[in-house]
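1. following is a predicted model, sequence given first.
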Amino acid sequence: MRVIFLFFLLLWNTIVCAQKEINGEPFDLKCEYLTNPIGIDTFEPRLTWKLNDDRQGALQTAYQVLVGRDSAEIVDNRGGSWDSGKRDRSDRLVVYEGEPLEPLTRYFWKVLVWDKDGKPNASEVAVFETGMMGSGYWEGAWISDGHDIDDPSSGYFRKEFKIEKTIKYARVYIATAGLHELSINGEKIGDHFLDPMYTRFDRRILYVPYDITSSLQTGGNAIGVVLGNGWYNHHSLAVWDFHNAPWRNRPAFCLDLYIQYEDGTKEVIKSERDWKTSSGPITSNSIYTGEHYDARLEHTGWNEYGFEDKNWEGVRYRSAPSSLIVSQQMEPIRLTQSFVPQKMQKFGDSVYVFDMGQNMAGVTKFIAKGKEGTRIELRHGERLDEKGRLDMSNIDVYYRGDKETDPFQTDIVTLSGKGVDTFMPKFNYKGFRYVEVVSSEPLELDEKSLTAYFVHSDVQPTGKVKSSSFLVNKLWEITNNAYLSNLMGYPTDCPQREKNGWTGDGHLAIQTALYNFDGITIYEKWLADHRDEQQPNGVLPDIIPTGGWGYGTANGLDWTSTIAIIPWELYLFYGDSRPLRDNYDNIKRYLTYVEGISSDGLTTFGRGDWVPVSSSSDLELTSSVYFYVDAHILASAAALFGKQSDYEKYTALSEKIKNAINDKFLDRETGIYASGTQTELSVPLYWGVVPEDMKEKVAANLNEKVKQADFHLDVGVLGAKALLDALNRNGYSETAYKVAVQDTYPSWGWWAVNGATTLLENWDLDAERDISDNHMMFGEIGGWFFKSIGGILPDEKKPGFKNIVLKPVFPDGLHESDVTYTSPYGDIISRWTKNKETVNYEVEIPPNATAVFYPPANVKEKESVHLKAGKHQFKLTVSTGML
C-alpha cells in the first residue's frame, strides 16, 4: 500500500509540476487567423496567440515575436526575419514588421510572453508559408478546352510527369475561373469543396494552395483537374441575370506545382499546352440547379499515371480572366456532417421519398444498381405535399430555366449497368430536407442508398448556449443550422431559391455569427467583394457578389450598410482594426453618395422593414437611422486612426442626421416615433438615435406596445434586429425574454414548436410568398442569448474582449443558464442557477483579459464589480416579476 501511495503521490506531483510549467505559455498561434497556413499573400500578416494560464489574475506583461526561415534558429530564440524585441505590452495581436517577406517561402515563428510574475514562457514553433504575392511568379498558362460557352459539361484535364529525386515538400497553386477538383495519382487532394470561392471574377480571382507532399511518388505521377461552371459560367436562368454576367466564359485554370527537393533544387510542373483534355461523365453542372452524371462515360484511371489518353485532345490558351489573382486565405467549404434517412417512403416501383430529418445546405451521395441507361432524378426540397411527395413550390419561384432539361435542385444520374454506381455532385449544393428519387425503370432502394452531407464554410464554433429552457436551446440550435447553411465563402440569404449574398441578411445576423463562429476570414473576403462591386460614385448593390443585378432604387442604407457595420463589428469582436482600415475609403465614398442625395440629413434610400407581421414602418425613418449609424461608425474609425478632420466632419454629419430624425419623427410629448410601431420605436433605441432625456419614455412606450401584442412580435427584419436589445438595455429584460421565448404566432418559437430545424423567412407558416424554410435574416435571436442571459458584451474602449462587459439577466421562468463564448483571449463563461430568489452566478474570465460585472436592476446588489482573469462567484438576491 505504501508503494502504491508513493506512486500516486509522485504522479500527482508530476501533474502539478507539469501544470505549473505551462502556466503562462502562449498557444493557438495563428497567422491571418489560420493555423500554419500556406499561400499567405499579405505583406504584413497578422500574428495572434492566446495565453494558457489558469491562475487568478493571469496576465501577459510583455511579449517578443521571432520570425525566420530556419526553424532551428527560432527554437534557439533568434529571429532572422524579425525579432520584435521584448515589448512591455499585453497585446496578443501584432502585425509583422520584419524584413520584406519573399514569395513561396516558409517562415517559422514563435512568441515569448512574460506572465504576471515576470516569468518568460515560449510557445511551440508555428509556421506560415507565403504564396505568389502578386502575378509575377506564376509560370503556368491559363488553359481550357475548346468547348463553347453554352456547353454545360465539365472539362477533364490531365498531365503526367516523373520524379527521380527525394522530395522535401511540394505544393500546388491553382487559380480557377469557375470551380475545380484537383487529384494526383488517382486521389482527390484535400477535403475542400467548391474551390475556389465565388468572387467578382473579372476583378479578382482566388487561387488555392495545397500541400501535396505525401501525394507524390518516385517515378511516374499524374495530375487531374475537373472544372465546374460555378458562378463563373452560369447557364441556368433566374431573375438575377447571372447568365449575362460580364465575366461569363467557359471555365479555365492556371496551375503551378512546385517541388522542393532535398538536394536544394526546385522543379515546377505547370499548366501548358502539353496537357490533355476530354469531356467526361459530368454532362451538365450548375451551382444553381444541379449536376447531371452519366456513369457510362466514366474514364476509369484517367487521373493515374499510364492512362491511355491518345483520344484526348489538346488544350487551348486563354487570357487571364482578371489581372488580380490572390490567395484564398480563408476557411474552406467542407462536407462537415453526414445524415442518414430518418424515414423512407416508396411510391410504386420507381419513386422513393427520403426524409433526412434536418433542413440543410448540402449534397447527397447516391448508390444504386440497375439497368444500363436508367435515368434517375434526385430532387431536393424542403417540403412535402399532402400526398407525401416533394413540393418545391416555395423555392423554385424565381427559376426561369427549362424544368425538363435543367430541373431545379435536381441531380440526374444515368446508370452504367455495370454493377453498383456511386454519385455525389462535385460542383453544386442545394437546400433541402427531403429527397425524392424518381427512376425511369423499376429500382430497388433502401435507407442505405442515400446519404446527405451538410456543406458550409468550415468555421470553428466559438459559442455555446445551454439552459433549462428547451425552447432557448432549440432556438440557438436552429439559428446555427440556418447560419451555417448560408455560409458559402460569403453569407447568403438561403441555400436553395437564391444563394445570393444579400447584404441586409449579412449585417442583420453579424453578431449572431461572431458570437457563435470564428468567421473573420469569411467576412474579410466578403468585404473585399464589396470593394470590388462598389461603383465609382460609392453605390453598392443589394447582393454581393453580383453579375450586375441589384443596382436599383432600394439598394440603400438598411441593406448595404454592410460596408460599415461589418468592419465595425469585427473590430469590436476581434480587436482588429484592419477591416476598418481596409474599407475606410469605401465607407467614405458610400456616405458621400448618400449625403449627396440626402442634403437635409434624411433619406428614403432603403428597402424598409422587410417581411413584417402586419405593421408598416416608415421607410424614411429606418433608412435615416442607418445613415446615422454609418456616419457614426466612420467618425469612430477616424478617431481610431487619428484622422482629425474626418472625425470632426462625420461627427457633425451624424449629429445632423440624428437631429433631423428626431425633429421630424419624435413626438417629445408622447415619446412616440412616427406611428409607434415596434420597429419604429426599437430601431432608434437600438442604434442610439433617441435623445438621452427621452430614452425612458420611448422605452416605456415600446414595452407597452409589446405588452399590447401579448408579448408577440410585429416586426420585419429591421425590428427583429433591434427589438430585444432595445428592451433589454432599457430596463425591460423580462419583456424581452418573454418575446424571445414566445411559442405562439407570431414568434421565433412558433417556428420551433412546429418542427423547424432552421430559421424561416416568414413569420406566417401559411404565407404564399417569401417562404424559404432556411433563411438567416431573422437571425438576431441566436446572438441575443449571449447578450442577455449570458450578458457577455464587448467593450468599445478595449475591443476584442480585452475588457468584457458582463450584464447578465435572470428572467422569470428560466432556472439555469450556461453560456460560453471563446473570445480572442480564451473562453468567457457566464453561468448561473436560480433557486427561488437566490441566483448563484459564476463567471470565468480568460487570461490576459479583465471584466466589469454590472448586476441587473432586479437584484439587491447594485455595485459594479471589476474582475481580473480567473474564476469568480457571486450570490445574488433577485426580485421576481418585474416588467
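-> In hand now; what should we look at? Numbers count the residues shown, from 1 in each chain.

2. pull the number of nearby residues for Ile269.
-> The tally of other residues near Ile269 (other Cβ atoms under 10 Å) stands at 21. Where you see a C-beta, it was placed from the backbone N, CA and C, and this is true even at glycine.

3. again with Gly314
-> 12.

4. so what does it have for phi and psi?
-> Backbone torsions of Gly314, given as degrees, to the nearest 10, read phi -80, psi 160.

5. before we move on, what about the one 4 residues further on?
-> Arg318 adopts backbone torsions of phi -140, psi 150, taken as degrees, to the nearest 10.

6. am I right that it is in contact with Trp142?
-> Yes - between Arg318 and Trp142 there is a contact at 4.4 Å, judged by Cβ atoms under 8 Å.

7. between the two, who's got more neighbours?
-> Of the pair Arg318 and Trp142, Trp142 is the one with more neighbours under other Cβ under 10 Å, namely 22 against 18.

8. what's the overlap in contacts for Arg318 and Trp142?
-> Both Arg318 and Trp142 are contacted by Ala252, under the criterion Cβ atoms under 8 Å, 6 or more residues apart in numbering.

9. for Gly601, see how far away Arg578 is.
-> 31 Å (Cβ to Cβ, to the nearest Å).

10. any low-confidence regions in the stretch 51-200 of the chain?
-> Scanning the stretch 51-200 of the chain for pLDDT under 70 picks out nothing.

11. can you give me the helices in it?
-> Assigned by DSSP state H, counting those that start in this stretch, the helices in the stretch 51-200 of the chain fall at 71-75.

12. can you give me the strands in the stretch 1-150 of the chain?
-> Assigned by DSSP state E, counting those that start in this stretch, the strands in the stretch 1-150 of the chain fall at 25-31, 38-40, 46-52, 62-68, 82-83, 93-95, 106-114, 120-122, 126-130, 143-144.

13. would a markdown table of the ones you listed with mean neighbour count and distance to Ala857 be doable?
-> Shown next, in a markdown table, are the strands of the stretch 1-150 of the chain (neighbours: other Cβ atoms under 10 Å; distance: least, Cβ to Cβ, whole Å):
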| stretch | mean neighbour count | distance to Ala857 |
| --- | --- | --- |
| strand 25-31 | 20 | 37 |
| strand 38-40 | 23 | 49 |
| strand 46-52 | 22 | 34 |
| strand 62-68 | 23 | 40 |
| strand 82-83 | 18 | 50 |
| strand 93-95 | 16 | 35 |
| strand 106-114 | 22 | 40 |
| strand 120-122 | 17 | 43 |
| strand 126-130 | 22 | 46 |
| strand 143-144 | 22 | 66 |
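
14. can you redo those strands as a markdown table with distance to Gly749?
-> Formatted as a markdown table, those follow (distance: least, Cβ to Cβ, whole Å):
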| stretch | distance to Gly749 |
| --- | --- |
| strand 25-31 | 37 |
| strand 38-40 | 44 |
| strand 46-52 | 36 |
| strand 62-68 | 47 |
| strand 82-83 | 53 |
| strand 93-95 | 39 |
| strand 106-114 | 46 |
| strand 120-122 | 48 |
| strand 126-130 | 45 |
| strand 143-144 | 52 |
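
15. mean confidence score for stretch 866-883?
-> The average pLDDT within stretch 866-883 is 84.

16. is Leu390 bridged to anything, and to what?
-> Leu384 (DSSP bridges).

17. mind checking how far it is from Cys494?
-> Counting by Cβ to Cβ, the gap from Leu390 to Cys494 is 17 Å.

18. next one: Lys787
-> 26 Å.

19. Phe874 pairs with what?
-> Tyr841.

20. got a list of what it touches?
-> 839-843, 853, 855, 861, 865.

21. Ala635: what's it in contact with?
-> 646-647, 649-651, 653-654.

22. now do 7 Å
-> Residues counted as contacts of Ala635 (Cβ atoms under 7 Å, 6 or more residues apart in numbering) are 647, 650-651, 654.

23. out of the residues you listed, which is nearest to Asn583?
-> Nearest to Asn583 among the contacts of Ala635 is Tyr650, at 14.4 Å by Cβ to Cβ.

24. just checking, what packs against the helix or strand hosting that closest one?
-> Tyr650 belongs to helix 644-665 when assigned by DSSP states H and E. In terms of contacts (3 or more Cβ pairs under 7 Å, 6 or more residues apart in numbering; DSSP states H and E), helix 644-665 is packed against helix 619-640.

25. Val340 - how many residues pack around it?
-> Going by other Cβ under 10 Å, the residues that sit close to Val340 add up to 12.

26. an error on my part: the question was meant for Ala857.
-> Neighbours of Ala857 using other Cβ under 10 Å come to 12.

27. how many residues are close by the nearest residue to it once chain neighbours are set aside?
-> Spatial nearest neighbour of Ala857, excluding adjacent residues (Cβ to Cβ, 6 or more residues apart in numbering): Gly731 at 6.0 Å. A total of 18 residues lie near Gly731 under the criterion other Cβ under 10 Å.

28. now swap in the one 5 residues further on and tell me
-> Close neighbours of Ala736, defined as other Cβ under 10 Å, add up to 25.

29. so it sits right up against Leu727, yeah?
-> Yes - the criterion here is Cβ atoms under 7 Å, and Ala736 meets it with Leu727 at 3.9 Å.

30. which residues touch the helix or strand where Val819 lies?
-> Using DSSP H and E, Val819 falls within strand 816-823. Outside strand 816-823, the residues within contact range by Cβ under 7 Å, 6+ apart are 462-468, 515, 785-786, 789-790, 792, 801, 827-833, 846.

31. then stretch 613-623?
-> Contacts of stretch 613-623 (Cβ under 7 Å, 6+ apart): 556-558, 602-606, 608-609, 661, 665, 673-674, 677-680, 683, 713-715, 718, 746, 763.

32. phi first, then psi, for Ile563.
-> phi -60, psi -20.

33. report the contact partners of it.
-> So Ile563 contacts 530, 540, 583, 586-587, 590 (Cβ under 7 Å, 6+ apart).

34. would a markdown table of those residues with distance to Glu44 and neighbour count be doable?
-> Formatted as a markdown table, those follow (distance: Cβ to Cβ, whole Å; neighbours: other Cβ atoms under 10 Å):
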| residue | distance to Glu44 | neighbour count |
| --- | --- | --- |
| His530 | 21 | 25 |
| Leu540 | 27 | 26 |
| Asn583 | 17 | 26 |
| Asn586 | 20 | 18 |
| Ile587 | 21 | 25 |
| Tyr590 | 26 | 26 |
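
35. now intersect those with the helices, please.
-> 530, 583, 586-587, 590 (DSSP state H).

36. and which of the residues you listed is nearest to Glu267?
-> The closest of the ones in helices among the contacts of Ile563, once distances to Glu267 are taken by Cβ to Cβ, is His530, at 39.8 Å.

37. I'd like the distance between the closest one and Gly506.
-> Per Cβ to Cβ, His530 is found 10 Å from Gly506.

38. shared neighbours of the two, anything?
-> Thr562.

39. can you tell me the SS state at Ser322?
-> coil (DSSP: H, G, I helix; E, B strand; the rest coil).

40. residue contacts, it?
-> Per Cβ under 7 Å, 6+ apart, neighbours of Ser322: 201-205.

41. do the same with Tyr854
-> 806-807, 864.

42. who's the residue nearest to Thr105 when sequence neighbours are not counted bridged to?
-> Of all residues not flanking Thr105 in the chain, Thr130 sits nearest, at 5.1 Å (Cβ to Cβ, 6+ apart). Thr130 forms beta bridges with Ile40, as assigned by DSSP bridges.

43. pull the CA atoms of stretch 610-626 into PDB?
-> Only the C-alpha atoms of stretch 610-626 are listed here, as PDB (Å, rounded to 0.1, in the frame of the first residue of the first chain):
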ATOM      1  CA  TRP A 610     -38.800  43.600 -44.900                       C
ATOM      2  CA  VAL A 611     -41.400  40.900 -44.200                       C
ATOM      3  CA  PRO A 612     -43.200  42.400 -41.200                       C
ATOM      4  CA  VAL A 613     -46.000  40.500 -39.400                       C
ATOM      5  CA  SER A 614     -48.700  43.200 -40.200                       C
ATOM      6  CA  SER A 615     -47.400  46.600 -39.300                       C
ATOM      7  CA  SER A 616     -45.800  49.100 -41.800                       C
ATOM      8  CA  SER A 617     -42.900  51.200 -40.600                       C
ATOM      9  CA  ASP A 618     -41.700  54.500 -42.000                       C
ATOM     10  CA  LEU A 619     -39.100  53.900 -44.700                       C
ATOM     11  CA  GLU A 620     -37.500  57.400 -44.200                       C
ATOM     12  CA  LEU A 621     -37.200  56.800 -40.500                       C
ATOM     13  CA  THR A 622     -35.400  53.500 -40.700                       C
ATOM     14  CA  SER A 623     -33.200  54.400 -43.700                       C
ATOM     15  CA  SER A 624     -32.100  57.600 -42.000                       C
ATOM     16  CA  VAL A 625     -31.200  55.700 -38.800                       C
ATOM     17  CA  TYR A 626     -28.800  53.600 -40.800                       C
END
